[in-house]
Structure formats: structure tokens, C-alpha cells
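Q: could you work out the structure for the sequence below:
(one chain, ligands or ions: 1)
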Amino acid sequence: MTTVGTFSTVLRPERVAELTRLVRSTTGQTRTVSTPLSGEPLAEIPSSSLDDVDAAFDAARGAQRTWSQTSLRERSQMMLRLHDLVLSHRDELLDLIQLESGKSRQHAFDEVAHLALTARYYARRLRRQLSPDRRSGVLPGLTRITVNRVPKGVVGIISPWNYPLTMAIADGLPALVAGNTVVHKPDSQSPLTALAGAELLRAAGFPADVWQVVSGPGNVVGTAIVEQADYICFTGSTATGTGIAKIAAERLVGYSLELGGKNPMIVLPGADVEKAAAGAVTACFSSAGQLCVSIERLYVHDSLYDAFRSAFVRRVSSLALGASLDWDVEIGSLISAGQLETVTKHVDDAVASGATVLVGGRARPDLGPYFYEPTVLEGVTPAAQCFEDETFGPLVSLYRYDSVEDVVELANAGEYGLNASIFGPVSLAREIAPRIKAGTVNINEGFAATFGSVDAPMGGMRTSGTGRRQGDEGIHRYTETQSVGVQRLLPVAGPAFVKPQIYARFLTFALRLLRRTPRA
Ligand code: NAD
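A: Below is the predicted model of the structure:
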């Protein structure tokens with residue numbers, strides 16, 4: 001078993017050098033990345049200057065012209081090779097994800113699986129999603145319309161630390177295979193994982209220049225990307241996302257933003273209490289709760305509340321915490337001192353305003369510098385900060401409700417709308433789902449039913465973001481539609497060789513005829 005104090009030796013210096021060479025940097029300056037599992041330094045990451053960002057865009061723009069001419073078949077084959085490489089490099093990817101994010105191995109595996117699923121999905125769907133599409137012309141037979149999907153150009157990807165592999169590479173893959181090139185800035189706390197992903201892209205056959213990696217502070221290097229990219233894909237905080245949207249609006253470029261959430265779970269009357277409690281544990285504490293779709297509010301019907309509370313608390317109390325790269329640990333560390341401070345503040349503040357800690361409620365410096373126990377609160381009042389604000393940590397509040405109408409209103413409270421979960425009878429849950437303001441609703445699951453189904457669009461309503469990853473939406477966001485109309489026989493806007501009133505009579509007749517058909 002790996003123990004505290006031994007993490008820095010997991011990565012060989014030669015391996016670190018191979019990965020860090022992929023950062024576009026001429027500054028000679030570096031920044032230390034440390035593992036949250038123990039606080040030990042892991043690597044020195046080269047810092048990129050604004051000139052380096054410019055150079056990355058120049059290279060990406062140059063590469064895009066050739067790249068966009070490759071066939072969809074070639075791109076699809078590269079994706080399938082990437083799928084295989086991700087699985088054959090699974091163990092190193094798991095080590096890197098764990099070392100940089102602090103999460104447990106089983107939660108790191110979710111990322112590896114998600115990236116492989118995404119690669120296979122777009123490899124198989126690419127042709128259908130990108131091939132020119134026939135649409136109806138003005139009048140049948142006279143105008144032939146096709147819609148092309150044209151790449152945007154260079155896409156900027158700004159990714160977070162909590163899912164350092166999949167929120168970087170899986171989000172960028174559809175951009176690449178739609179014919180764009182990418183300039184990517186990983187979060188400064190987790191660049192090695194993203195670099196390992198970039199290395200696998202090259203090994204799968206993607207040309208080196210189609211994926212550029214730059215590194216540095218978000219407000220400098222990230223802003224420079226937002227100021228140059230033809231489209232921006234951002235995952236992170238609502239505050240940063242709002243700033244990015246303002247710059248993008250000035251430039252009239254598109255963006256997708258996946259931001260924060262205060263995601264609710266509803267346990268309906270008639271739910272299987274043990275199944276709901278087990279599902280809630282995964283839903284609340286995956287990646288120690290540092291997951292955008294994590295559940296932070298749990299509404300349980302009065303008839304089940306006591307039974308659910310004891311089943312849930314029992315399961316949470318028995319979770320195995322630890323700093324280890326082995327599979328037996330269930331919950332890992334928080335990412336940083338900042339995240340630990342937020343969680344501690346939210347718990348202390350809730351308790352000060354009358355809440356009770358049912359389980360957890362304390363930091364665990366004996367395990368590592370940023371560990372915090374999975375925590376369940378009861379009796380949280382609107383005065384508490386965690387009532388509405390996102391904690392982004394291992395903290396959930398239990399609430400009792402007695403009518404389905406009330407719980408829909410409770411679930412929709414606040415400003416977010418990312419994910420929701422409903423445990424209980426499927427017919428009732430499906431009936432409620434459309435009334436919940438959330439981009440994904442998982443029935444008898446916390447988040448994985450929709451997150452894992454990569455054919456399904458995923459993203460936020462309200463301040464949880466805009467745009468969707470995954471599915472057709474996840475690739476079409478990186479394209480512009482271009483309608484191409486071919487006119488045959490007669491011009492459509494009034495032929496010069498017929499008097500306007502005759503043309504108008506003909507068109508009126510044709511429109512009346514069309515009205516009788518089911519055509520759009
Ligand atoms: P953040 O928004 O500060 O950082 C996310 C990414 O954006 C990082 O790569 C960062 O370097 C970059 N960035 C920061 N400022 C930027 C700017 N001005 N312009 C361009 N890029 C910029 O988020 P964080 O501080 O890492 O986390 C804080 C909160 O964000 C969390 O508590 C959580 O609420 C939310 N978050 C959400 C997700 C998600 O999956 N939706 C992921 C991570 C964080």
C-alpha cells in the first residue's frame with residue numbers, strides 16, 4: 001500500500017520531462033505542482049508567456065488548414081486508436097489523476113472510462129453527425145438545400161482540476177474531429193494528467209500541432225485564450241465563466257460553459273431506502289464531492305425520512321478514507337487548502353446557525369493535509385451559507401418534505417440548474433423530471449446514468465452554464481452550419497422574363513398547394 005511520504009517517487013523524473021516538454025513555453029520559468037495526497041512536490045511545470053500563447057494560436061491555425069482536409073474516416077480511426085491507448089495506459093493515467101487531484105482510484109477510473117466511452121462514441125457517430133444534411137428547399141424540385149458542418153477554427157479549452165483528464169481531453173475530442181484545432185490550458189494544479197492525454201492523442205495519430213498546451217494563471221493565460229479563440233469551452237466556476245462570456249460577447253464568438261451547481265436529490269415515497277442510501281453515498285461523495293454534478297441537498301419524504309437517515313449515516317460512517325494509490329480507499333483528499341477552508345467554513349457556519357452534524361464534520365490532517373470527512377448535516381436553515389451556496393466538497397444537507405408539489409419547488413430553489421437525482425417509483429419520477437430545472441435528471445442514480453451516456457447532452461440551466469457537452473450537441477457546438485442552395489429551372493425570387501403579377505399568381509397557387517401537404 002502506498003503511504004504518505006512516498007508519492008513523489010511514483011513519477012520518474014525522465015517521465016516528468018517527457019510530459020512537460022509538451023507545454024509550449026519559452027520563458028524558462030516553472031511552477032511547482034504538488035500532490036494534495038501528501039503535499040509533496042511532484043514536478044516543475046514550464047510557464048507560458050503571452051507570446052507563447054500567440055505562438056500556440058499561430059501553430060494551431062496553420063495546422064487547422066491541413067487537418068480540416070483529413071477524411072472523417074481517418075479521424076474516426078484515430079479516435080478508436082485513442083480509445084485503445086487510453087485503456088492500455090489506464091494505470092499511469094489513474095496514478096496521475098490521483099496524484100494531482102487527490103481523489104481515490106475508483107473515482108479516478110470514472111474519468112478514464114468516460115474518456116474511452118467518448119472516443120468510441122464520436123468515432124462511431126462522426127460521419128452521421130458531420131456529413132452534409134439534406135433539407136427542404138423553397139419549392140420541391142426547384143431548390144436543393146444541403147447543410148454543411150464547417151469547423152469553427154481554433155477552439156480554446158480551459159479545463160478545471162477536479163476532472164483533469166476527461167474535462168480536458170473528452171471535451172476537446174469532438175472539437176478536433178469536427179476539423180478544428182485546439183489550444184488548451186489545464187488548471188495549474190493538474191497539468192500532468194492533461195499532458196499525458198495530449199501525448200496519447202499524438203500516439204493515436206493526431207498531428208502534433210492540432211493540440212497545443214499552454215500553462216499559467218487563468219487570469220493571464222486563460223484570458224489570452226479567450227481573446228483569440230474562435231470558440232471557447234470552459235468548465236469551472238460561475239464567476240470565471242461569467243467573465244469569459246463577457247469577453248466572448250464582445251468578440252461575437254460562441255462558448256459553452258459548465259459551471260457550478262447545488263444539485264438536489266429527491267427520495268420519493270415508495271423508494272427502496274437501502275438502494276437510495278447507497279446511491280446517495282456515490283452521488284454526494286464521488287471525488288470527495290468535488291464534482292460539478294455532485295448532490296449537496298437531499299430531500300427525503302416524511303414517510304421514509306428516519307429509515308433513510310439511519311441507512312445513509314450508517315453507510316457514510318463506514319467509508320474508507322485515505323491517501324493511497326490502491327483500490328481499497330473509497331474517498332480521497334480535497335484538492336487544496338482553499339477547498340478545505342471552504343468546506344470547514346460551510347460546516348462551522350451551518351452548525352453555528354443551528355444545524356446538527358450527523359456524521360463527519362472534521363478535517364483529517366492525520367491522513368493528509370487537505371482531507372475532510374464525508375459530512376451529513378440536518379437542520380440546516382436558510383441562514384447557513386451551505387443552504388444555497390455550492391460547497392464543492394464532501395458535504396450534504398438532509399431535509400424532510402411531505403408533498404411532491406413542495407419538493408419540486410424546493411429542488412428548484414436557488415440560482416443553479418445543473419443536475420438532479422430522483423430515487424423512487426420510475427413513473428412518478430419521470431413525471432416530475434421535466435418540472436425540475438436541471439440539465440440532467442438521473443432516476444435511481446445520482447449522476448452517472450446521464451454522465452456515462454455520452455450520447456445524451458449534458459450541461460446546465462440557469463447559472464450552471466450554457467451549451468452542452470456530449471451527444472450531437474457536444475460536437476455541433478464546435479461547427480458552424482453552412483446552408484448551400486442550388487437553384488434549378490426557375491429563379492426563386494421572381495423571374496425577369498415573367499410579369500411580377502403572373503409570378504405572384506404562380507407562387508400563390510404553389511403555396512396553397514403546399515399547404516395541403518404535410519411538408520414543412
Ligand atoms: P476557476 O473557474 O477559477 O478555474 C477553472 C479554470 O479556469 C482553471 O483552468 C483556471 O486556471 C481558469 N481560469 C481562472 N480564471 C480565469 C480567467 N479569468 N480567464 C480564463 N480562465 C480562467 O475555478 P476553481 O477556482 O478551480 O474552482 C472554484 C469553483 O469552481 C469550485 O468551487 C466550483 O464551484 C467550480 N468548479 C466547477 C467545476 C465543474 O466541473 N463545473 C470544476 C471545477 C470548479
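
Q: CA atoms for contacts and neighbours, from now on please.
A: Noted.

Q: find the nearest non-adjacent residue to the most centrally placed residue in the chain, please.
A: Central residue of the chain (CA atoms, centre = their mean): Met167, 5.2 Å from the mean position. Excluding its sequence neighbours, the residue lying closest to Met167 (CA to CA, 6 or more residues apart in numbering) is Ser159, at 5.9 Å.

Q: ok, that neighbour to Gly471 distance?
A: Using CA to CA, to the nearest Å, Ser159 is found at 19 Å from Gly471.

Q: more crowded one of those two?
A: Set side by side, Ser159 and Gly471 show more neighbours around Ser159, with 29 against 20, by other CA atoms under 10 Å.

Q: and the more buried one, what does it touch?
A: The contact partners of Ser159, taken as CA atoms under 8 Å, 6 or more residues apart in numbering, are 167-168, 184-187, 234-236.

Q: rerun that using 7 Å as the cut-off
A: Contact analysis of Ser159 by CA atoms under 7 Å, 6 or more residues apart in numbering lists 167-168, 185-187, 234-235.

Q: same check, this time on Thr20
A: Going by CA under 7 Å, 6+ apart, Thr20 touches 45-46.

Q: now swap in the one 10 residues further on and tell me
A: Residues counted as contacts of Thr30 (CA under 7 Å, 6+ apart) are 44-47.

Q: next one: Gly222
A: With CA under 7 Å, 6+ apart, Gly222 has these contacts: 158, 185.

Q: what of Gln64?
A: If you count contacts by CA under 7 Å, 6+ apart, Gln64 has them with 153, 180-181, 210.

Q: look through the stretch 401-520 of the chain and state the residue closest to the ligand.
A: Ser464 (7.7 Å; CA to the nearest ligand atom).

Q: would you mind listing what in the protein touches the ligand?
A: By the criterion of CA under 6 Å from any ligand atom, the positions of the chain lying close to the ligand are 158-160, 162, 186-187, 217-219, 222-223, 235-237, 240, 258-260, 291-292, 392.

Q: so which of the residues you listed sit within helices?
A: Under the assignment DSSP state H, the residues of the chain next to the ligand contribute 223, 240 to helices.

Q: now which of the residues of the chain next to the ligand would you call buried?
A: Buried members of these, counted by 16 or more other CA atoms under 10 Å: 158-160, 162, 186-187, 218, 222-223, 235-237, 258-260, 291-292, 392.

Q: okay, how far is it across stretch 509-520, tip to tip?
A: Where stretch 509-520 begins and where it ends lie 17 Å apart, using CA to CA.

Q: and Arg75, what does it touch?
A: So Arg75 contacts Val177 (CA under 7 Å, 6+ apart).

Q: how much space between it and the ligand?
A: Distance, Arg75 to the ligand, using CA to the nearest ligand atom, to the nearest Å: 27 Å.

Q: could you look up the SS state of that residue?
A: Reduced to three states with DSSP: H, G, I helix; E, B strand; the rest coil, the structure at Arg75 is helix.

Q: state the distance from it to Pro174.
A: According to CA to CA, Arg75 stands 10 Å off from Pro174.

Q: okay, now the domains of the chain?
A: 48-134+152-259+473-479, 263-459, 491-520 (automatic domain parsing).

Q: okay, those domains in CSV with distance to Arg144 next?
A: Below are those laid out as CSV (distance: least, CA to CA, whole Å):
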stretch, distance to Arg144
domain 48-134+152-259+473-479, 8
domain 263-459, 30
domain 491-520, 12
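
Q: mind listing what the residue of the stretch 351-500 of the chain found nearest the ligand touches?
A: Using CA to the nearest ligand atom, the closest approach of the stretch 351-500 of the chain to the ligand is made by Phe392 at 5.0 Å. Residues counted as contacts of Phe392 (CA under 7 Å, 6+ apart) are 289-291.

Q: could these go into CSV alongside distance to Glu373 and pLDDT?
A: CSV is the format used below for these (distance: CA to CA, whole Å; pLDDT from 0 to 100):
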residue, distance to Glu373, pLDDT
Gly289, 11, 98
Gln290, 13, 98
Leu291, 16, 97
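
Q: and stretch 313-330, average pLDDT?
A: Mean per-residue pLDDT for stretch 313-330: 98.

Q: so how far is the first residue of it from its last?
A: From its first residue to its last, stretch 313-330 covers 16 Å (CA to CA).

Q: ditto for stretch 401-418
A: 22 Å.

Q: report the buried residues of that stretch.
A: Along stretch 401-418, these residues count as buried under the neighbour rule (16+ other CA under 10 Å): 401, 407-408, 410-412, 416-418.

Q: got phi/psi on Val147?
A: Backbone torsions for Val147, taken as degrees, to the nearest 10, come to phi -110, psi 120.

Q: residues contacting it?
A: By CA under 7 Å, 6+ apart, the residues touching Val147 are 132-134, 481-484.

Q: let's see 8 Å
A: Going by CA under 8 Å, 6+ apart, Val147 touches 132-135, 481-484.

Q: then Gln228?
A: Counting by CA under 8 Å, 6+ apart, Gln228 makes contact with Phe57.

Q: nearest residue to Ser260 in space, please, no chain neighbours.
A: In this structure residue 260 is Gly, not Ser. Ser464 (5.2 Å).

Q: what's the local residue count around that neighbour?
A: The number of residues packed near Ser464 is 25, by other CA under 10 Å.

Q: that one contacts Lys262, correct?
A: No. Between Ser464 and Lys262 no contact is recorded; they are 9.0 Å apart, counting by CA atoms under 8 Å.

Q: which residues in the stretch 51-200 of the chain form helices?
A: For the stretch 51-200 of the chain, helices defined by DSSP state H, counting those that start in this stretch occupy the ranges 72-88, 90-101, 105-130, 171-177, 191-203.

Q: among these, which comes closest to Gly379?
A: Nearest to Gly379 among the helices of the stretch 51-200 of the chain is helix 105-130 (29.6 Å), distances taken as CA to CA.

Q: report the angle between that closest one and helix 191-203.
A: Put simply, helix 105-130 runs at 40 degrees to helix 191-203, going by axes from the mean of the first three to the mean of the last three CA atoms, to 10 degrees.

Q: in helix 105-130, what counts as buried?
A: Within helix 105-130, the residues scored as buried using 16+ other CA under 10 Å are 105-124, 126-127, 129-130.

Q: same question for stretch 245-258.
A: Result for stretch 245-258 [16+ other CA under 10 Å]: buried residues 245, 248, 253-258.

Q: of all those, which two lie farthest apart?
A: Val253 and Glu258 (16.7 Å).

Q: would you list every one of the strands in the stretch 401-520 of the chain?
A: Ranges of strands within the stretch 401-520 of the chain are 419-423, 440-443, 465-466, 479-487, based on DSSP state E, counting those that start in this stretch.

Q: now render those strands as a markdown table, adding distance to Leu513 and mean pLDDT.
A: Formatted as a markdown table, those follow (distance: least, CA to CA, whole Å; pLDDT from 0 to 100):
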| stretch | distance to Leu513 | mean pLDDT |
| --- | --- | --- |
| strand 419-423 | 47 | 98 |
| strand 440-443 | 43 | 98 |
| strand 465-466 | 41 | 97 |
| strand 479-487 | 20 | 97 |
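
Q: ranking those by burial, who's on top?
A: Of all the strands of the stretch 401-520 of the chain, strand 419-423 carries the top mean neighbour count, a mean of 28, counting by mean count of other CA atoms under 10 Å.

Q: can you list the strands that that strand pairs with?
A: Using DSSP bridges, strand 419-423 pairs in its sheet with strand 263-267 (parallel), strand 440-443 (parallel).

Q: tell me which of the ones you listed sits nearest to Pro491.
A: strand 440-443 (46.7 Å).

Q: distance from the chain centre to that closest one, please.
A: Mean-position distance between strand 440-443 and its chain equals 16 Å (CA atoms, centre = their mean, to the nearest Å).

Q: what does that strand rub up against?
A: For strand 440-443, the surrounding residues in contact (CA under 8 Å, 6+ apart) are 418-424, 426, 429-430, 433, 447-450, 458-460.

Q: let's see it at 6 Å
A: 419-423 (CA atoms under 6 Å, 6 or more residues apart in numbering).

Q: please compute how far stretch 398-412 lies from its chain's middle.
A: Centre-to-centre, stretch 398-412 and its host chain are 27 Å apart (CA atoms, centre = their mean).

Q: fine, thanks again, bye for now.
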